[in-house]
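Peer 1: fold the following, please.
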Amino acid sequence: MKKFIGIIMIILLISSCDIQQKKEAKLPDVDVEVDAEAGQLPTFDVDWADVNVGTKTRKVKIPKVVVVMEEEEIEVPYIDVDMPNSGKKEELTLRVEAEVEDKEHTIDIKEILATGNNLYVISKLEEKEQNLGDKKLRISDQVILNAPDLNVKHIIMGEKPNRVFNDEYKYVQDVNDFKAGLKNSKVIFSK
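Peer 2: Numbering: from 1, shown residues only. Next comes the predicted model:
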């Protein structure tokens with residue numbers, strides 16, 4: 001079988017070439033006296049196929065992962081804040097998210113502290129029993145805040161999951177140590 005494939009390959013190789021002989025073969029002249037004149041091997045001019053490399057646009061099917069977001073009506077905590085001399089208020093959603101793997105987790109906003117023009121949204125991330133296998137899951141919680149423009153900082157109690165998405169929040173093991181560093185803070189929301 002290998003010989004057959006080899007013969008086919010040689011036939012294909014030879015048939016794709018344009019070969020033109022430039023010189024005839026000549027055997028060496030031999031004198032009995034052992035004087036020899038140099039011979040000549042045949043030479044060939046081989047024209048090989050022209051090869052051009054580039055790109056062309058083609059429509060092909062490629063796999064894509066699609067996340068479907070569905071709208072549902074749910075009860076979301078609503079916080080209305082009036083501050084002296086603050087001016088106009090605007091409504092915004094305070095959302096905390098985490099991307100987890102290995103085990104299912106929950107994340108819940110537990111408290112919101114105010115101090116000066118800063119709001120500290122304190123959430124708790126808890127690992128559950130259910131295994132996710134090789135899946136990754138994004139979880140979130142939110143509250144709606146109607147207040148003047150304030151600086152919002154997220155603090156999450158719990159072990160930071162090993163995902164790049166989670167780098168935008170500060171993770172702490174003991175929230176009381178964090179709260180001890182805040183001056184004149186007031187709890188404006190608690191769950």
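
Peer 1: who touches D108 in this structure?
Peer 2: With contact set as C-beta atoms under 8 Å, 6 or more residues apart in numbering, D108 has these partners: 123-124, 126, 141, 191. (C-beta placed from N, C-alpha, C; glycine too.)

Peer 1: cool, V143 as well?
Peer 2: Counted by C-beta under 8 Å, 6+ apart, V143 has contacts 76-79, 93-94, 109, 112, 121, 189.

Peer 1: coming back round to it: just the buried residues from the contacts of D108, in ChimeraX please.
Peer 2: Buried residues among the contacts of D108 (16 or more other C-beta atoms under 10 Å), as a ChimeraX selection:
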select :123,124,141
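
Peer 1: which positions within stretch 158-173 qualify as buried?
Peer 2: So for stretch 158-173, counting by 16+ other C-beta under 10 Å, buried means 158, 161, 166, 169, 171-172.

Peer 1: distance to P42 and secondary structure for these - can I get that in CSV?
Peer 2: As requested, those are exported to CSV (distance: C-beta to C-beta, whole Å; DSSP: H, G, I helix; E, B strand; the rest coil):
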residue, distance to P42, secondary structure
G158, 82, coil
P161, 73, coil
N166, 73, helix
Y169, 79, coil
Y171, 79, strand
V172, 85, strand
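
Peer 1: pLDDT value on I74, please?
Peer 2: Confidence at I74, expressed as pLDDT, is 76.

Peer 1: where does it land in three-state SS?
Peer 2: Judged by DSSP: H, G, I helix; E, B strand; the rest coil, the three-state class of I74 is coil.

Peer 1: OK, contacts around it?
Peer 2: Listed by C-beta under 8 Å, 6+ apart, the contact set of I74 is empty.

Peer 1: just the helices from the protein, written as ranges.
Peer 2: Remark: helices assigned in the chain by DSSP state H are 2-15, 175-180.

Peer 1: would you single out the least confident of the ones you listed?
Peer 2: Mean pLDDT values for the helices of the chain show the minimum at helix 2-15, a mean of 62.

Peer 1: where along this protein do the strands fall?
Peer 2: For the chain, the strands defined by DSSP state E cover 18-21, 44-47, 78-80, 90-115, 118-147, 151-157, 170-172, 186-190.
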